[in-house]
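Enquirer: Sequence below, structure please.
(chains A and B)
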2 protein chains.
Amino acid sequence: MWEIKISGFNQEQIIHHGNQFLTGHLKLGVRGTLDEYRKEQLVAINCPLVYDQVGHGWREPVNAFNPLYTVIHVNHEPIDVLNQEPIEHHQILNIKDSTMRRHSVFKKEDMLITIDSKRFVSANDQRAIIGVYQVSINQDATLDILTGIDTQIWDINGPHIKAVQTNDKPYLKAYGVTHEKGYKIQTLKYVDLKFEPHHFKTLTTSTGVFYNIKVNAKANETYTFYQYAVIGINEDDYQLLTTLDEIASEGFDKKIIKHQQAWDLKWMDADVMIEGDEDAQLALRYSIYHLLLLAPHNYRQASIPARGISGQTYKGAIFWDTEIFMLPFYLNTDLNSAKHIIDYRIHGLKGAKEKAASYGFQGAFYAWESQEDGFDACTDYNVTDVFTKRLIRTYFKDKQVHISADIVYAIQTYIHRTLDYSILKQGALEVILEVARFYLDYGKYSILDDRFEVWDVMGPDEYHERVHNNAFTNRMVKMVFDIVILYEAYFKKENDKYFDELVHGIGFRKPLQEIHQIKDKVYQKEMLNNLLIEQFDGYFKFQDIPLKELLKKKLHENEYLGGQGLAGDTQIIKQADVITMLYLFKDDFDLNTMEANWKYYEPRTEHGSSLSASMYALVACMIANPEYAYPLFMKSATVDLTGLSKAYAGDIYIGGTHPAASGGAYMTAIYGFSGLSLTDKISVNPQLPKSIKSLSYKIIHQGKKYQIYVSNKHKEIKEVQS
Amino acid sequence: MWEIKISGFNQEQIIHHGNQFLTGHLKLGVRGTLDEYRKEQLVAINCPLVYDQVGHGWREPVNAFNPLYTVIHVNHEPIDVLNQEPIEHHQILNIKDSTMRRHSVFKKEDMLITIDSKRFVSANDQRAIIGVYQVSINQDATLDILTGIDTQIWDINGPHIKAVQTNDKPYLKAYGVTHEKGYKIQTLKYVDLKFEPHHFKTLTTSTGVFYNIKVNAKANETYTFYQYAVIGINEDDYQLLTTLDEIASEGFDKKIIKHQQAWDLKWMDADVMIEGDEDAQLALRYSIYHLLLLAPHNYRQASIPARGISGQTYKGAIFWDTEIFMLPFYLNTDLNSAKHIIDYRIHGLKGAKEKAASYGFQGAFYAWESQEDGFDACTDYNVTDVFTKRLIRTYFKDKQVHISADIVYAIQTYIHRTLDYSILKQGALEVILEVARFYLDYGKYSILDDRFEVWDVMGPDEYHERVHNNAFTNRMVKMVFDIVILYEAYFKKENDKYFDELVHGIGFRKPLQEIHQIKDKVYQKEMLNNLLIEQFDGYFKFQDIPLKELLKKKLHENEYLGGQGLAGDTQIIKQADVITMLYLFKDDFDLNTMEANWKYYEPRTEHGSSLSASMYALVACMIANPEYAYPLFMKSATVDLTGLSKAYAGDIYIGGTHPAASGGAYMTAIYGFSGLSLTDKISVNPQLPKSIKSLSYKIIHQGKKYQIYVSNKHKEIKEVQS
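Expert: A predicted model of the protein is given here:
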């Protein structure tokens, strides 16, 4: 139950497998590509959260030089999957310890050549990659091994590294600097041969620096070598060299044991055990694996990009995905990571205020695609028109204003779950007030209706642009105002002058008065006679066309459906919107309302975002329909296993992993199937689908750790020692 | 100086000449097509203000069966411009008396065939067309004349007439009914031959009902016949027959004299005489001709479609063109027409309230494309995407909210010019209050900025959709609130309880209080350091690309530039927007501001609407730059002479005449070149372009008629007897 394995080689799945077999951590992503792959196969040694911009291209994370490149020639002929179909081929990811291995057998007349390699991104070092490579042949033959650093990099908007140079002593080395900030990017590699070569020389070409190793190979003998590499981002040369020395001296066997121990520790609090459904168990663990890969446990003020560490898609930026879909996992299992995610946004307040000001608004308008310091990498043109090849004006950046409230929601949840009120004084309260100020300015008071409205927004459903009074957004705005009042009361009760001082310091006296006036007048979409909540003003007047019919109208496979596209004036939505509101504010709504809206909106939802299925799954469990939830849960949990998610929006590549779907799958298991409810008390209300007999997991809540077990017959919540 | 004449036949100009040689009146438009033309040549016997809708097609005015169709065969060969190039050809419109004639000479070996015809739409009858047709041949020959009613109709979204039948006794007759309202549409025709035919029979075919007249024609003899036709819309058969009888009995010669007398009378108060510039004189008179054609003098609650009586373009609907660009002519020359234009909108209040309610707003939101009873014929899709052939969502109907204020502006101007306050009690005050209520609901109060903003609108510049705080629109909203207060004070001063009673009757007490609170807080775009006024929030941040560069990017000649099109995120605008505000509210701005904005916006204006040039011309005169104004004036005045205006928006035909440009040309002459200013006093401040020596015209103001003369040396304003 811990292995992801594919058998047989399929050229068309190369991109998908690069995501599926991903290893790394939040500072280094290594795509699950094979030893012989190059940039054409989308190899990436991704350096998340390290950004660069070339010219007017999109600003995106840097990919480093690849130290894993290895190919062999046998009797002077190349032996690799790109040149020859293997007769046996497996690629295996062990998600328990985050190691990837491959096994390939090639046949050349009577000769069988077997390649085995294994590698991992060390969990205990800054940016180190360690591997072993083995080859054996069933006959005597000449074996040429080329292994080294490939300096050709797959970039979407690159090349990001200029002035590239290589060096072959004392180790292989490639380095260069980024365009924008001049970061020095280095890859160092050391190879430890476990056999005696007949020739050994270094080779420097325009595509990299390599060792060329010749062996007169004996039949059935295994030729093994170890690879040790470190990636440096603006690091001191000497220190990097020292790190490589230490890793190599310690050696593969010791390093992998320590790596496995580190991973065992991660799993200890994170695992969710499922009885009765092996597919669900593996898929859920695979989801948790991705969340563990991405945990910012050791990185202060670091957060998680929407495509994780799988490449440059979405500019390597951080979206609301993190706060709404991933944070719940860390709040249950890893509070360091949770706090760092919040800290990242506190640190981004300045950027958010600048963004608001740039649009003429006061307060904090957080980045839709957040890079370092809260810089918004989102452009006004995110999709290409497939018909004219022109860029289409999109409104993610300037109209998806709910992002600021999502962050306040995350802060509030963090405090509720940890009782760590100290974060308020560390900047979180200022974030809350500045976000409130932003909405107070963005929204407007409707005189005749005596209510506060929020016009010209985009809700989670991005197909409908520039709508008025999006139910979700308006509810989030009301929440922000309520939270301001909540903490005003909290500090008063604590007899703590911090709130007043901050209000004074940032000129928030008048806004605060206004918030008191307006908070109960924020327009909340009323439930209609049929209990339905209109997604935004006028939505129900839009064309009500079945999704299938809509898709039939497409003239081009990749045409963009949103905005002026086919879905824009229909009731077809991209992803959960009203349903997301129902989940986040479940106490506001009764079950009949939830059910009516679920049944209305689900068939009208394309699930064109990986964030969609889990919200529907969660609400399906709330209305006691876990069988509705199960396929949606599996869809979320397997999105990076099946590779069926959209790889293109218009003409733009959006592939990569989907950690928000992983987070959503986790949430569905915990809050949906086991029905965990966390107020100041803990309870479970199991809604297990038929195939699942029981669920077992740990959580941390308000400073205590609990072991929870649910089946249809039994529920148990037991405090355990941390 | 009264004739529009073209010489030589040009196939490609057929559509254009149909507009250029238009005759008729507001209840009947006869396109300037030749006798032998059929629907392929866009013949139209247009019945303005009589609408029909077929299926889901656009609702548009009905075209009636054509009674003018006449072709000849000579020696059994067809002789007409479509089959044979004439060796001599003239088409002439006399704008003094609204008669059209044609003269064509065809050569067939040694034979010369000469055709002359003349026709007019009687100014003295409901819907009557009267003509004469003459043919002579320089040799003996057999002459076949086919003349009758062509039942094939050019329709854009038709056919509108179903159950078509014909009859040939006692007159030629074709009739049928409209789809939507079942109106009976009839064409009756009587032919009076002035020669003895050798054969005379009636012929009924699937394309109409005709007389077939054979003559053994003598060399150089002229064969003449008169044509008398009436068009009936839901009229009593007997009455229609009687009308035809009367016209035919009175005969062509008497009828044309009476027609000319009627037209003399029209010109008496309307003419503007220009000394020194014959081109300008003819172009201006041609503009006035169109305004005279369209005057709703005899028609209560009737107003003028944006494409006049030239066909079905723009659904035959009434736009703001009438209030802002045409009404000024009637206010100067024909108060009946002016009042009927206002009455039309008063009558449309119910429709406007329904439209507002359909969008969830209170008050009166007038139709963007107004048909009878204020029904909005505008659709949400007015342009076709040339690349995908799909309809593009446009926002003319739902976002061009300034239309309601334009009507209040017209009412206010009417009252100021006529001192006819009685119209307030006839419904105009209710219009004003309901329009104010609409804006009070549509606009929102911005709490932190303490101002009233108007979001999500489209200004006159339709290329920029869904903008916030359009300077023009916000100024118009403020004007509406000011006018409410003005009349509150007026009735109070008059000690007239009508205002209070109405306020009570329509529940306007609270809105009125709110208007008092808010009227001085309506956000007016401030002038920046460089005196520029930003067209809407964020406009100056848009790409500042020269118009020529933008047009170079076009991939298709007819592609739509607005919205998501090429101009949408640039500073290129379709038409005068800020400049229109400067003209309408000239007292708000000093000359430096006007000049700075004119110089900024003019090069960024495509003048893609015929409403644009005149506003720039008017403001150019205000800043004492009549030489800037002159080419723009000529552009407006000649738009239907040159035929150079856009005939397509996307893939949709938008051809026809441009009465708003005619009105704009008139305004430029009067308010621009002669600098007429009408407060409670009258003054002129001539800004004559070099070529114009003097201007002379009459106007009516506050119950008195004046003769005005201006030259560079002399100004004279003289009261004259009405």
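
Enquirer: What distance do you get for the closest residue to chain B within the stretch 401-550 of chain A to A:Val408?
Expert: Using CB to the nearest CB, the single residue of the stretch 401-550 of chain A nearest to chain B is A:Lys444, 3.0 Å away. In this view, the C-beta of every residue, glycine as well, is placed from N, C-alpha and C. Distance, A:Lys444 to A:Val408, using CB to CB, to the nearest Å: 20 Å.

Enquirer: Looking at the two, which has the bigger crowd around it?
Expert: A:Val408 (29 against 22; other CB atoms under 10 Å in any protein chain shown).

Enquirer: Which of the helices or strands spans that one?
Expert: helix A:402-418 (DSSP states H and E).

Enquirer: check whether that helix contacts chain B.
Expert: No - judged by CB under 8 Å from any CB of the partner chain, helix A:402-418 and chain B are separated, with a smallest distance of 15.4 Å.

Enquirer: Under the pLDDT cut-off, which ranges of chain A? List them.
Expert: Scanning chain A for pLDDT under 70 picks out the ranges A:649-651.

Enquirer: CA atoms only: put the biggest helix by length in it into CSV for me.
Expert: Assignment by DSSP state H gives helix A:471-493 as the longest helix of chain A. What follows is helix A:471-493, C-alpha atoms only, in CSV (Å, rounded to 0.1, in the frame of the first residue of the first chain):
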residue,chain,number,x,y,z
ALA,A,471,-22.8,34.9,-2.7
PHE,A,472,-19.5,33.3,-1.6
THR,A,473,-17.6,36.6,-1.7
ASN,A,474,-20.2,38.6,0.1
ARG,A,475,-20.3,35.9,2.9
MET,A,476,-16.5,36.1,3.2
VAL,A,477,-16.7,39.9,3.4
LYS,A,478,-19.2,39.7,6.2
MET,A,479,-17.0,37.2,8.0
VAL,A,480,-14.0,39.6,7.8
PHE,A,481,-16.1,42.4,9.4
ASP,A,482,-17.3,39.9,12.1
ILE,A,483,-13.7,38.9,12.9
VAL,A,484,-12.7,42.5,13.3
ILE,A,485,-15.4,42.9,15.9
LEU,A,486,-14.6,39.6,17.5
TYR,A,487,-11.0,40.6,18.2
GLU,A,488,-12.0,44.1,19.3
ALA,A,489,-14.0,42.3,22.0
TYR,A,490,-11.3,39.8,22.7
PHE,A,491,-8.6,42.5,23.4
LYS,A,492,-11.1,44.4,25.4
LYS,A,493,-11.9,41.4,27.5
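
Enquirer: tell me the contacts of the closest residue to A:Phe252 other than its chain neighbours?
Expert: Leaving out its chain neighbours, the residue that sits closest to A:Phe252 by CB to CB, 6 or more residues apart in numbering or on different chains is A:Tyr226, at 4.7 Å. Residues near A:Tyr226 by CB atoms under 8 Å, 6 or more residues apart in numbering or on different chains: A:130-133, A:191-192, A:194, A:248, A:251-252.

Enquirer: Buried subset of those, written for ChimeraX?
Expert: Only the buried entries of those go into this ChimeraX selection, using 16 or more other CB atoms under 10 Å in any protein chain shown:
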select /A:130,131,132,133,191,248,252
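
Enquirer: would you list the contacts of A:Tyr226 in CSV and tack on secondary structure?
Expert: Output for those, formatted as CSV (DSSP: H, G, I helix; E, B strand; the rest coil):
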residue, secondary structure
A:Ile130, strand
A:Gly131, strand
A:Val132, strand
A:Tyr133, strand
A:Val191, strand
A:Asp192, strand
A:Lys194, coil
A:Ala248, helix
A:Gly251, coil
A:Phe252, helix
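
Enquirer: Touching, A:Lys353 and A:Glu434? I think so.
Expert: Yes - in this structure, A:Lys353 is within contact of A:Glu434 by CB atoms under 8 Å, at 6.2 Å.

Enquirer: what sits in contact with each of those two?
Expert: Common neighbours of A:Lys353 and A:Glu434 are listed as A:363-364 (criterion: CB under 8 Å, 6+ apart).

Enquirer: who has more neighbours, these two?
Expert: A:Glu434 (24 against 21).

Enquirer: Secondary structure element holding the more buried one?
Expert: Going by DSSP H and E, A:Glu434 is in helix A:429-442.

Enquirer: Spit out the contact partners of A:Lys214.
Expert: Per CB under 8 Å, 6+ apart, neighbours of A:Lys214: A:142-145, A:197-200.

Enquirer: Just the buried residues from the residues you listed, in PyMOL please.
Expert: Entered in PyMOL, the line below selects the buried ones among the contacts of A:Lys214, by 16+ other CB under 10 Å:
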select buried, chain A and resi 143+144+145+197
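
Enquirer: In TSV, list the contacts of A:Lys214 along with distance to chain B and secondary structure.
Expert: TSV is the format used below for these (distance: CB to the nearest CB, whole Å; DSSP: H, G, I helix; E, B strand; the rest coil):
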residue	distance to chain B	secondary structure
A:Thr142	58	strand
A:Leu143	56	strand
A:Asp144	52	strand
A:Ile145	53	strand
A:Pro197	60	coil
A:His198	62	coil
A:His199	59	strand
A:Phe200	58	strand
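
Enquirer: what would the contacts of A:Lys214 look like in TSV with distance to B:Ser310?
Expert: Shown next, in TSV, are the contacts of A:Lys214 (distance: CB to CB, whole Å):
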residue	distance to B:Ser310
A:Thr142	88
A:Leu143	86
A:Asp144	83
A:Ile145	83
A:Pro197	90
A:His198	93
A:His199	89
A:Phe200	89
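
Enquirer: out of the contacts of A:Lys214, who's nearest A:Asn46?
Expert: Lowest distance from A:Asn46 to those (CB to CB) belongs to A:Ile145, with 26.1 Å.

Enquirer: Test my guess that the closest one contacts A:Ile115.
Expert: No - proximity of A:Ile145 to A:Ile115 does not meet the contact threshold set by CB under 8 Å, at 10.5 Å.

Enquirer: residues touching A:Ile432, list them.
Expert: With CB under 8 Å, 6+ apart, A:Ile432 has these contacts: A:408, A:411, A:424, A:480, A:483-484, A:487.

Enquirer: Alpha carbons only: can I get stretch A:621-630 in PDB?
Expert: Extracted in PDB, the C-alpha atoms of stretch A:621-630 (Å, rounded to 0.1, in the frame of the first residue of the first chain):
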ATOM      1  CA  CYS A 621     -21.200  14.000   3.300                       C
ATOM      2  CA  MET A 622     -22.900  16.700   5.200                       C
ATOM      3  CA  ILE A 623     -26.100  15.800   3.500                       C
ATOM      4  CA  ALA A 624     -25.500  12.200   4.400                       C
ATOM      5  CA  ASN A 625     -24.700  11.100   0.900                       C
ATOM      6  CA  PRO A 626     -21.300   9.600   1.100                       C
ATOM      7  CA  GLU A 627     -21.900   7.600  -2.100                       C
ATOM      8  CA  TYR A 628     -22.200  10.900  -4.000                       C
ATOM      9  CA  ALA A 629     -19.000  12.000  -2.300                       C
ATOM     10  CA  TYR A 630     -16.900   8.900  -3.000                       C
END
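
Enquirer: For the residue of the stretch 401-550 of chain A closest to chain B, give the beta-bridge partners.
Expert: Going by DSSP bridges, A:Lys444 is paired in beta bridges with A:Glu453.

Enquirer: show me the residues around A:Leu49 that make contact.
Expert: Applying CB under 8 Å, 6+ apart, the residues near A:Leu49 are A:26-27, A:61, A:302, A:305, A:316, A:371-372.

Enquirer: in terms of contact, does A:Pro296 touch A:His340 like I think?
Expert: Yes - between A:Pro296 and A:His340 a contact is recorded at 4.3 Å, counting by CB under 8 Å.

Enquirer: Now do the shared contacts for those two.
Expert: A:302-303.

Enquirer: higher neighbour count, those two?
Expert: A:Pro296 (25 against 22).
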